[in-house]
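J.: Sharing a sequence plus its predicted fold:
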Amino acid sequence: MKKTIKSTIALTCLVLAFLPLAVFSQDKAKPWPVPADAKSKVNPVKSKAALADAENLWNDKCSSCHGKKGLEDTSKARSLDTAPGNFSTADFQASTDGELFYRTKVGREDMPSYSKKLTDEEIWEVVNYMRTFKK
Ligand code: HEC
């Protein structure tokens, strides 16, 4: 009997210790394929143009989830089902401008669609701004 109580307590402790992991674990972003024609679209906005406007736009609309520097270092980022991803990494920066444009415009799950909230030109400007996060 005593043994059963002891092992029950031990088991309960174990479950409680690992519970936070289960509750707070966040999915890593899955691959996000982009149609070939969208992927190869050329950014019509010159990389240095309108960066200040894009920064305001980023801070206003994107930084709550992605962080000011795209490092997903916000409490909101941690509360989402899917991690927004670290935009300073070589992996992220390896995406083409067309891919970043498409993902911003179309969205997926926790990532909102900006097709109605931003013009195409604004999205291209923000794509250039996301390039400044490169390490
Ligand atoms: C409500 C939170 C939220 C906001 C606001 C938000 N995002 Fe996201 N974003 C996410 C999440 C979560 C993902 C990962 C989605 C996935 O992989 O399914 C993501 C993914 C992305 C990606 C694709 C990342 C990759 O690896 O290619 C881009 C690009 C992006 N966001 C740009 C933006 C831009 C630009 C804005 C503002 C105009 C913005 N996001 C606003 C949550 C957000």
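T.: Happy to help now that I have it. Numbering: from 1, shown residues only.
J.: for H66, what are its contacts?
T.: Taking C-beta atoms under 8 Å, 6 or more residues apart in numbering, we find H66 in contact with W58, E72, T74, A77, P84, F87. Heads up, the C-betas are built off the backbone N, CA and C, glycines and all.
J.: now the spatially most central residue of the chain, nearest residue through space, not along the chain?
T.: Among the residues of the chain, the one closest to the centroid is P84, at 1.8 Å (C-alpha atoms, centre = their mean). Spatial nearest neighbour of P84, chain neighbours left out: E72 (4.6 Å); criterion: C-beta to C-beta, 6 or more residues apart in numbering.
J.: For that neighbour, give me the backbone phi and psi.
T.: Dihedral angles of E72 (phi, psi; degrees, to the nearest 10) stand at phi 50, psi 40.
J.: how far away is it from M130?
T.: According to C-beta to C-beta, to the nearest Å, E72 stands 13 Å off from M130.
J.: shared neighbours of these two, anything?
T.: Residues touching both E72 and M130 by C-beta under 8 Å, 6+ apart: F87.
J.: wait, is N128 part of a helix?
T.: Yes - read with DSSP: H, G, I helix; E, B strand; the rest coil, N128 is one of the residues of a helix.
J.: That one contacts D53, correct?
T.: No - N128 lies out of contact with D53 (C-beta atoms under 8 Å); the separation is 10.4 Å.
J.: The two: which is more packed in?
T.: Using other C-beta atoms under 10 Å as the criterion, N128 and D53 rank with N128 on top: 19 against 14.
J.: Report the contact partners of the more buried one.
T.: N128 makes contacts with N43, V45, S47, K48, A49, A50, L51, A54, D97, as judged by C-beta under 8 Å, 6+ apart.
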